[in-house]
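Colleague: Attaching a predicted model along with its sequence, questions to come.
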Amino acid sequence: MTPKDKTFNAIDVETANTDRASICQIGIVHVVDCEIQDTWKTYINPEDWFDPWIVDIHGITEDMVATSPTMPEVRDELRRRLRGTTVVSHTSFDRVAFERAMLRYGLEQLKVTWMDSARVARRWWAQYAKRGYGLKNIASDLGIEFNHHDALEDARATAMIMLRVLEESELGIQEWLEKSASPISGPRQTIAYKNLSGNVDGDLYGETLVFTGALAMARHEAAQKANDAGCNVVGTVSTKVSILVVGTQNKHKLKGMTKSNKHRKAEELIASGHEVQIISERDFLELIEI
C-alpha cells in the first residue's frame, strides 16, 4: 500500500439555516499517510439569515461571522487545500452544501473526489444497518471524543472513523472509493438488512425520512424517490427519523405557528441530542440525484 493510498482530507460544514448553501463554518483535517498533518477552520459570512434553533445547536451567530470572509473570498484557499484530492465527509450533506454554495455565487465547483464515510462505515460495520450511522453514534462506539457541531471537530471525528476503517480493513483510499460505490452484497449484509425498508443499495440506505409541507412534486412520487435512494419513508416524526424534508408551508394550517408540528418536533429531537437533518425539497433532490 503506497502512502497516497492513506492520504485524504476530511471536511465538515455548519449552516446558518436549513438551506445547505448557507455555510457559516468550514473545518478541514488534512491526513497524510494515516497521520493528521494539518487542520484549518474558518467562519464564513453566508450573507443569509440565521435560524435561532440552528444557532442554539452550533452556537454560531450572525454577529460572530459579520466580518468573516464570504464563500467567494475563501474559494482560492479551498482550491489550494483540496483541489485534486479525495475529500471525505460523513454523509452527503456537506458535499451538497458546497455544491449549492458554489452555485449560489456562480463559482466553479470543487475539483475533488468525494467519499462518504457513512457509506464506508455501513459496508465495514454491519451493526450500523439497524442502529443508524450518524457521526455521533459511530464516533461514540469507537471511543472518539469530540465537540459535536463544531465544523473542525466533526471533520476530525470523520477523519478518525476513516482511519479506523483503513486500519482494520487494510485497504487503501482508492479501494474504499470503489468498494463504497459498489452495491452491498454477501450473506452477512443480507441478514443484517432483510427486515428494513428502502433500497439496500441506495445511497441513503439506513436513513428514515419524513416529509412536511407542500412539495413541487406529488408526495407519492417524492416518497418513491426517497425509497429508491434507500430511505425508510414514514409519516410521523419520532426518535427513529434522521431526515425531515420541508416543503412550502400553508400558513392557514399552521394555526398561528411559523413551522409545522413535524418541523417543531424534529427541532425538539435535535435539541435533546438526536441527529436529524432538516433540509429543503431542493436539497433533498440534490441528495438523491447522486
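Modeller: That came in fine, so what should we check first?

Colleague: how about the strands of the stretch 51-200 of the chain, start to end?
Modeller: Using DSSP state E, counting those that start in this stretch, the strands found in the stretch 51-200 of the chain span residues 86-89, 113-116.

Colleague: any idea what sits nearest Thr67, other than its immediate chain neighbours?
Modeller: Asn45 (7.6 Å; CB to CB, 6 or more residues apart in numbering). Placement of C-beta: from N, CA and C, glycine included.

Colleague: my guess is the one you found meets Val74, correct?
Modeller: No. With contact defined as CB atoms under 8 Å, Asn45 does not reach Val74; the gap is 10.0 Å.

Colleague: Check for me that the residue nearest to Thr67 belongs to a strand.
Modeller: No. Membership of Asn45 in a strand is not supported by DSSP: H, G, I helix; E, B strand; the rest coil, which gives coil.

Colleague: residue ranges of the helices in the protein, please?
Modeller: 52-58, 71-82, 93-105, 117-124, 128-131, 135-141, 151-169, 173-181, 187-193, 219-228, 261-271, 281-288 (DSSP state H).

Colleague: lowest-pLDDT helix or strand in this protein?
Modeller: helix 187-193 (a mean of 35; mean pLDDT, DSSP states H and E).

Colleague: Tabulate the helices of the chain (JSON lines), appending distance to Asn250 and mean neighbour count.
Modeller: Listed next are the helices of the chain as JSON lines, based on distance: least, CB to CB, whole Å; neighbours: other CB atoms under 10 Å:
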{"stretch": "helix 52-58", "distance to Asn250": "21", "mean neighbour count": "15"}
{"stretch": "helix 71-82", "distance to Asn250": "33", "mean neighbour count": "15"}
{"stretch": "helix 93-105", "distance to Asn250": "25", "mean neighbour count": "20"}
{"stretch": "helix 117-124", "distance to Asn250": "34", "mean neighbour count": "23"}
{"stretch": "helix 128-131", "distance to Asn250": "36", "mean neighbour count": "16"}
{"stretch": "helix 135-141", "distance to Asn250": "34", "mean neighbour count": "19"}
{"stretch": "helix 151-169", "distance to Asn250": "35", "mean neighbour count": "22"}
{"stretch": "helix 173-181", "distance to Asn250": "40", "mean neighbour count": "16"}
{"stretch": "helix 187-193", "distance to Asn250": "37", "mean neighbour count": "13"}
{"stretch": "helix 219-228", "distance to Asn250": "14", "mean neighbour count": "16"}
{"stretch": "helix 261-271", "distance to Asn250": "13", "mean neighbour count": "18"}
{"stretch": "helix 281-288", "distance to Asn250": "15", "mean neighbour count": "20"}
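
Colleague: Which one of the ones you listed lies nearest to Thr236?
Modeller: Among those, the nearest to Thr236 by CB to CB is helix 261-271 (7.3 Å).
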